[in-house]
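# mind looking at a prediction? Sequence and model below.
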Amino acid sequence: MEKFVVVVNGKGEAGKDTLCDITGKYYRTRNVSSIDPIKKIASENGWDGAKDSRSRKFLADLKSLFAAYNDLPTRYLTEQYQQFLASDAEIMFVHIREPEEIEKFINSVGKTPCVSLLVRREQANVSWWGNEADDNVEQFSYDYYYNNILPIEAVEQDFMVFFDRMAREAISKEDGGGNGMMKEEVLAKFKELYGDEGEIGVYFAPGRVNLIGEHTDYNGGHVFPCALTIGTYGAVRKRNDRKLRFYSMNFSDRGIIESSLDDLNPQKEAGWTNYPKGVMWAFEKRGMKVQQGMDFVLYGNIPNGSGLSSSASVEVLTGYILKDLFGFEVSNQDLALIGQYSENNFNGVNCGIMDQFAIAMGKENQAIFLDTATLHFEYAPIVLKGAKIVISCSNKKRGLGDSKYNERRSECESALAQIGEAIGINTLGDLNEEQFEQYKDAIKDEICRKRAKHAVYENQRTIRAVAALKGNNLELFGKLMNESHVSLRDDYEVTGVELDTLVEEAWNIDGVIGSRMTGAGFGGCTVSIVKDEAVDTFIEKVGAAYREKIGYAADFYVVEIGDGPQKI
């Protein structure tokens, strides 16, 4: 995992209180450690993360610890920093009283990205340094009054949103969007768990976002997804037996999960490992039998359950690994089909082809205009002059299997069976709007009729949207994105209050060209196209409104379009 340093500067209780609150919040919710004394204090107090992050005893000990740091020389902090680098901790929190000492310390930490939280009783400012202390690339400010006008929870949430965004931007500046850094992290964890002997390969498969064309891929319609520069990293080594060992850095508490090539069956207790095992099973169904076991370490920087296709990313990654390690003759398009087959038949999720196809066939700065009925596709350059793609993650977890996804597909199949008798079509994607309106009464169930309407209208919207983008009409593209969300909300009914809040608040921001939910729905993410000058305002205002209405924070990602799977 990437490492960061957070320096809190504030005299008296202001700095210590803020540091303790934010430290506690991170410690509980993000599995983020600090320097060793914090772990020691937490252990001594029996604080396992289930308790309130601001429990009185824990905070008292923390305050004593950080108060002592005010009187310690920079040399001691530098020693602690070296220990931090050698540990599994991801974030080091330090409280320093004097600004000049902050500069000394930041200069001593080399290239590790550093955040400085400057606290006063009247207000607090957060500054972000890139790789050098004098390279102040961004500043974030908010009022922080101690008279409860703005509670500490709001400060925590604002800080987390800001910190996550700055951290991602810092990573993106490192070696190829972070691949070099991630490779070293995953490889180091692999060697720690399994040893460094033998040939170890490191691979990457992206996540994806669908710009428009939702719930059309299993209805014979068009979709318009693109691969992202965030995704899933995997370090793998072949074994001399048939044992399979899996470890996820995202689920480190589950440890190493063991299985075997002789036991490729879906099991609830196998958890996330059912995805790579399902791909191995699907390869065998195609006559490509894996003869040797493997050791795996995986890490994904796609938010789990976000709707950015973390499961499909793991499937395509596994397929690409098998292709490379065992010399199987399969194309990237084959990998997409194998991934979909495994998810449908091994994991029991009746998904369409879009997710796996977008990931396997991704190309930098290009989206894929895919006809899911024929798999005919073309790449379309994404030229967003003066605008960015922003992903807003609701942090409401979702899973395709338990989110009524299969129910929606069944409703569409019922609608197709009835309207198909009247007009003789193979998919709902064969219809345009006029034909649907002419024959819609053949669908007797009102709910199924609404589902079919979305599938037909969304397909036509997608076709028009891609034409608009090719014609450099970004405003029309954004308008069609907005219409897509309304249809998903009213006809397909897969949005929910979280996604609706993110989208409706986005529509209120000047500079938002278009915004809609993306993915299966029922939680997950929205995708927005936002003018450059409005991005910060978008994140701040949408984030604040979401937190106030929903009760917890959303996360925001300014994303780039990347390539498909690769060995790194």
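Happy to help now that I have it.
# packing partners for whichever strand in the chain runs longest?
Taking DSSP state E as the criterion, the chain has its longest strand at strand 225-238. Counting contacts by 3 or more Cβ pairs under 8 Å, 6 or more residues apart in numbering; DSSP states H and E, strand 225-238 is packed against helix 179-194, strand 201-210, strand 294-300, helix 310-326, helix 354-360, strand 366-371, strand 555-559. All C-beta spots, glycine's among them, are computed from the backbone N, C-alpha and C.
# for residue 337, find the nearest of the ones you listed.
For residue 337, the closest of the helices and strands packed on strand 225-238 is helix 354-360, at 7.4 Å, according to Cβ to Cβ.
# my read: residue 555 touches residue 393, true?
Yes: with contacts counted by Cβ atoms under 8 Å, residue 555 reaches residue 393, the gap being 4.3 Å.
# higher neighbour count, these two?
residue 393 (23 against 19; other Cβ atoms under 10 Å).
# quick one: the more buried one and residue 553 touch, right?
No: using Cβ under 8 Å as the test, residue 393 is too far from residue 553 to be in contact (9.6 Å).
# all helices for the stretch 351-500 of the chain, in order.
Under the criterion DSSP state H, counting those that start in this stretch, the stretch 351-500 of the chain contains helices at 354-360, 405-423, 433-439, 446-470, 474-490, 496-507.
# let's have those helices in CSV, adding mean pLDDT.
Putting the helices of the stretch 351-500 of the chain into CSV (pLDDT from 0 to 100) gives the following:
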stretch, mean pLDDT
helix 354-360, 96
helix 405-423, 94
helix 433-439, 97
helix 446-470, 97
helix 474-490, 98
helix 496-507, 97
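# of all those, which one is nearest residue 213?
helix 446-470 (3.8 Å).
# packing partners of the closest one?
Using 3+ Cβ pairs under 8 Å, 6+ apart, helix 446-470 sits against strand 222-223, strand 376-381, helix 405-423, helix 433-439, helix 474-490.
# to residue 279, which of the helices and strands packed on strand 225-238 lies closest?
Nearest of those (Cβ to Cβ): helix 310-326, 4.2 Å.
# what's the angle from the closest one to strand 201-210?
150 degrees (axes from the mean of the first three to the mean of the last three Cα atoms, to 10 degrees).
# under the pLDDT cut-off, which ranges of this protein? List them.
1-81, 83-84, 87-181, 303-307, 397-403 (pLDDT under 70).
# domain ranges for it, per the record?
4-173, 178-380, 387-559 (automatic domain parsing).
# now for the nearest residue to residue 292 once chain neighbours are set aside, how many residues are close by?
Closest residue to residue 292 apart from its sequence neighbours, by Cβ to Cβ, 6 or more residues apart in numbering: residue 238 at 4.9 Å. Neighbour count for residue 238, taken as other Cβ under 10 Å: 16.
# cool, and residue 344?
Residue neighbour count, defined by other Cβ under 10 Å, stands at 16 for residue 344.
# check which helix or strand covers it.
Assessed by DSSP states H and E, residue 344 sits inside helix 332-345.
# which residues does that helix contact?
Contact partners of helix 332-345, identified using Cβ atoms under 8 Å, 6 or more residues apart in numbering, comprise 275, 278-279, 281-283, 285-286, 311-312, 315-316, 319-320, 323, 330, 349-353, 355-357, 359-361, 375, 564-565.
# ok, now which ones touch the residue lying closest to residue 552 once chain neighbours are set aside?
Sequence neighbours aside, residue 395 is the residue nearest to residue 552 in space, at 6.3 Å (criterion: Cβ to Cβ, 6+ apart). By Cβ under 8 Å, 6+ apart, the contact set of residue 395 is 303, 552, 553, 554, 555.
# and which of those is nearest residue 182?
Out of the contacts of residue 395, the member with the shortest distance to residue 182 (by Cβ to Cβ) is residue 303, at 15.5 Å.
# good, we can wrap up now.
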